[in-house]
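Peer 1: Sequence first, then the predicted structure, then my questions.
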Amino acid sequence: MTQAAPVRGEWASRAAVRIDEVDSTQNVARALADAGAPEGTVVWAEHQTGGRGRLGRPWTDEPGAALLISIILRPAAAFPRLPQISLLAGAAVAEAVREESGLPVALDWPNDLLLHGRKVAGILAESFTSRDGSATVILGIGFNVNQTRFPDDLAARATSLALETGRQFDREKLLKTLLLRLEGWYHRWGAEGFAPVREAWRQGSRTLGRRVTVEEGIRGIAVDLAEDGALIVQTDSGGTVRVLAGLAQGGDT
C-alpha cells in the first residue's frame, strides 16, 4: 500500500475546537475560516442535530460515540483540482483505520469508507472563494467509532469500529492518527500532485471492477480512476464515461 510522506504533525498537535452539540461542524468551521482561523483548525462535536453528507443526505450519530469533525484547508491549488481532496481524505482515513484497528477498510467512490460492505465513515468537502480569489475548503469527516446500535433503517448499511471489533476505541488517539495521516497526504498532494493519491485509492478501492449507477442513471462497470480523479465507467451500452465528484459550493468568504 502506498504510504503518505512524513509530516510535521502540526494539525494533530493543536487542540481541537470542542463542542457538545451543534447543527453541523461544517457551519462552525466555515465561521472560523471567515474569521481567519489557520489551516488545519479542527472542529469536533459530540453530537450534530443537522449533520449532512454528500448531496445533502442527513448524517445520523449517537452522541459521544463518533468522530464528527470539520477541518479548515486553504489549498494552493487550481480550483479544478479541489475535488481530489475528498479522495486523498479517504486514503488518509483508511490508513488511520488500518493503523488503529487492523480492519480491512475499503474505499467506495467518491467519499465513503466501508467495513465488510457497511459504511463506517463518510467525507464531505465544501469549497468557498475568498475575496482575494483563493479557495477555502471545509473538509467534514463523520466516523462511526464506538456506536453499538443504529436506527432500523441504517442497521443493515452502517457499522462502527466497536461493532466490528467488540471493543471501544480512544477517540482522541484515533483523531490524532487521522490528522497525522491527513496532513501527510495533503502536503504530499500539494508537492507531488494526484498520482500518489490515485495509486493508494486504487489499491484500496471497493468500487473498481463493480457495477455502479452514476449521474443521470448511467449504469456500467467502474474500470478505473482517471489521472484527475474522475471515475471511468464502461457503460452497458458499450461506451465510456467520466464521472467527476464535485465539491459542494458555497458563497464568498
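Peer 2: Thanks, I have the structure now. Since the model is a prediction, treat every value here as computed from it, not as a measurement. Residues are numbered from 1 along each chain as shown.
Peer 1: Break down the stretch 1-150 of the chain into its helices, ranges please.
Peer 2: 10-13, 25-34, 84-101 (DSSP state H, counting those that start in this stretch).
Peer 1: any idea whether Glu172 is helix, strand or coil?
Peer 2: helix (DSSP: H, G, I helix; E, B strand; the rest coil).
Peer 1: ok so, going back, can I get the helices of the stretch 1-150 of the chain in JSON lines with distance to Leu174?
Peer 2: Backbone N, C-alpha and C define where each C-beta goes, glycine included. Listed next are the helices of the stretch 1-150 of the chain as JSON lines, based on distance: least, CB to CB, whole Å:
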{"stretch": "helix 10-13", "distance to Leu174": "11"}
{"stretch": "helix 25-34", "distance to Leu174": "16"}
{"stretch": "helix 84-101", "distance to Leu174": "5"}
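Peer 1: so which of those helices gets nearest Pro75?
Peer 2: Between Pro75 and those, the tightest spacing by CB to CB is seen for helix 84-101, at 6.9 Å.
Peer 1: Any buried residues in the closest one, and which?
Peer 2: For helix 84-101, the neighbour count (16 or more other CB atoms under 10 Å) marks 84-97, 100-101 as buried.
Peer 1: go on, stretch 211-226?
Peer 2: Residues 212, 214, 220, 222, 224-225 are the ones in stretch 211-226 that count as buried (16+ other CB under 10 Å).
Peer 1: In the chain, where's the longest strand?
Peer 2: strand 118-129 (DSSP state E).
Peer 1: tilt between that strand and helix 25-34?
Peer 2: For strand 118-129 against helix 25-34, the angle by axes from the mean of the first three to the mean of the last three CA atoms, to 10 degrees is 30 degrees.
Peer 1: and strand 118-129, what's its mean pLDDT?
Peer 2: What strand 118-129 shows for mean pLDDT is 93.
Peer 1: Show me which parts of that strand are buried, residue by residue.
Peer 2: For strand 118-129, the buried set under the neighbour-count rule, 16+ other CB under 10 Å, comprises 118-128.
Peer 1: Mind giving me the packing neighbours of that strand?
Peer 2: Using 3 or more CB pairs under 8 Å, 6 or more residues apart in numbering; DSSP states H and E as the contact test, the elements touching strand 118-129 are helix 25-34, helix 84-101, strand 112-115, strand 135-144, strand 248-252.
Peer 1: contacting residues for Leu179?
Peer 2: Listed by CB atoms under 8 Å, 6 or more residues apart in numbering, the contact set of Leu179 reads 9, 11-12, 40, 42, 71.
Peer 1: any idea which element it lies in?
Peer 2: Following DSSP states H and E, one finds Leu179 within helix 171-192.
Peer 1: What's the first helix or strand after that helix?
Peer 2: For helix 171-192, the following helix or strand on the C-terminal side (DSSP H and E) is helix 195-204.
Peer 1: Could you spell out the sheet neighbours of the helix or strand just after that following helix, each with its direction?
Peer 2: Counting by DSSP H and E, the next helix or strand C-terminal to helix 195-204 is strand 211-213. Here strand 211-213 has these sheet partners by DSSP bridges: strand 219-225 (antiparallel).
Peer 1: which other residues reach the host helix or strand of Glu164?
Peer 2: Using DSSP H and E, Glu164 sits within helix 161-165. For helix 161-165, contacts defined as CB under 8 Å, 6+ apart pick out 65, 97, 100-101, 103, 115-116, 120, 144-148, 168-169.
Peer 1: can the helices and strands packed on strand 118-129 go into a markdown table with extra columns for distance to Ala155 and mean pLDDT?
Peer 2: Shown next, in a markdown table, are those (distance: least, CB to CB, whole Å; pLDDT from 0 to 100):
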| stretch | distance to Ala155 | mean pLDDT |
| --- | --- | --- |
| helix 25-34 | 25 | 94 |
| helix 84-101 | 21 | 96 |
| strand 112-115 | 14 | 96 |
| strand 135-144 | 12 | 95 |
| strand 248-252 | 28 | 38 |
